[in-house]
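J.: Predicted coordinates and the sequence they were generated for:
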Amino acid sequence: MPVNLPTNLLRSFVAIVDTGSMLNASEQVFVTQSALSLQIKRLEELVQQTLFLREGRRLTLTSAGDVLLDYARRVLNLHDEAVAAVSAGRFAGPARIGMVQDFADTLLTGLLSRFAELHPDAQIYARVAGTAELQILLDRRELDILLGFAAPNDPHAVTVAPMSWYGETALADREVIPLAVLEEPCRFREAAIRALEDAGLQWRITVETPNLATLKAAVGAGLGITCRTHLFLGDDAILDHDRPPSLPRVAAILRTGDRLDKAANRLAELARETVQAL
């Protein structure tokens, strides 16, 4: 008898790889960490292979896991396309949306709850990552909707906002300005460094993190200044100082795939309305 691999197990497997941890994956697929661990154990039993190796808190794919990953992505894409094709316009889902951390912190809950209230039968898959990573997923047809940042003249711009400096005023007076930044690639990091260098100001990175919440904590603790949009801490928290140079504007963009079903189209419409109101 052939072995059947349930799509929920494959979806959880891919989620762990994409998010990098059980904790993040459990939030993405809406199951507890213990349930997620049992799902992976069941998947390993079905394929009779170990899929992950644990290195401290980090999970890495085994050679068998790496092989399965490509097939899992293709199976899930075909599965979702098949469901959409036979649903005759009904909300079948999942509607797959990816967004940068700035949007996740400010509009994810409201946007998804609004969508769920309007369409309780629809499913949602949400991915939070940098714009560059989300673009790769959109190109692979693993996302339907992308909310990210780009240059102000980007053709997919929904709205354009100024970048601003945030942090303690005294830090801007230092001979070498301390910077708190997100890991590369990051449009705001690049803009901050370029602006300081163009102004002939010395700088050094004192905090580097992949997490926006950690960046906020670092800025709040006086470890460095940073540049973001008003979504970061609001207009009232903008650094009021003449020394840090002016910064460019940035576009909030919305991109969609070319095969949206009714659910994804509706979610894209709501996302556009929400971003325009920011």
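T.: On my side now, so go ahead.

J.: buried ones in stretch 200-209?
T.: 201, 203, 206-208 (16 or more other C-beta atoms under 10 Å). For every residue, glycine as well, the C-beta is placed using N, CA and C.

J.: Tell me where this structure has strands.
T.: Assigned by DSSP state E, the strands in the chain fall at 52-55, 58-61, 95-99, 124-128, 145-150, 157-162, 164-166, 176-182, 202-209, 226-228, 249-256.

J.: any chance of those strands in CSV, with mean pLDDT and distance to Glu190 too?
T.: Converted to CSV, the strands of the chain look like this (pLDDT from 0 to 100; distance: least, C-beta to C-beta, whole Å):
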stretch, mean pLDDT, distance to Glu190
strand 52-55, 85, 31
strand 58-61, 85, 27
strand 95-99, 88, 20
strand 124-128, 84, 21
strand 145-150, 94, 11
strand 157-162, 92, 16
strand 164-166, 94, 15
strand 176-182, 94, 9
strand 202-209, 94, 12
strand 226-228, 94, 10
strand 249-256, 94, 11
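
J.: With distance to Leu137 as new columns, can those be given to me in JSON lines?
T.: JSON lines is the format used below for the strands of the chain (distance: least, C-beta to C-beta, whole Å):
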{"stretch": "strand 52-55", "distance to Leu137": "21"}
{"stretch": "strand 58-61", "distance to Leu137": "17"}
{"stretch": "strand 95-99", "distance to Leu137": "6"}
{"stretch": "strand 124-128", "distance to Leu137": "7"}
{"stretch": "strand 145-150", "distance to Leu137": "8"}
{"stretch": "strand 157-162", "distance to Leu137": "19"}
{"stretch": "strand 164-166", "distance to Leu137": "29"}
{"stretch": "strand 176-182", "distance to Leu137": "19"}
{"stretch": "strand 202-209", "distance to Leu137": "22"}
{"stretch": "strand 226-228", "distance to Leu137": "23"}
{"stretch": "strand 249-256", "distance to Leu137": "11"}
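
J.: ok, back up a step: using a markdown table, lay out the buried residues of stretch 200-209 together with distance to Glu183.
T.: Formatted as a markdown table, the buried residues of stretch 200-209 follow (distance: C-beta to C-beta, whole Å):
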| residue | distance to Glu183 |
| --- | --- |
| Leu201 | 22 |
| Trp203 | 17 |
| Thr206 | 14 |
| Val207 | 11 |
| Glu208 | 6 |
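
J.: Now do the top helix by length along the chain: distance to the chain's middle.
T.: Looking across the chain with DSSP state H, the single longest helix is helix 63-86. For helix 63-86, the separation from the chain centroid amounts to 21 Å (computed by C-alpha atoms, centre = their mean, to the nearest Å).

J.: Rounded mean pLDDT for that helix, please.
T.: For helix 63-86, the mean per-residue pLDDT is 85.

J.: Can you tell me the closest non-neighbouring residue to Val47?
T.: Among residues not flanking Val47 along the chain, Leu68 sits closest, at 6.6 Å (C-beta to C-beta, 6 or more residues apart in numbering).

J.: quick one: the one you found from Leu9, how far?
T.: Leu68 sits 11 Å away from Leu9 when distances are taken as C-beta to C-beta, to the nearest Å.
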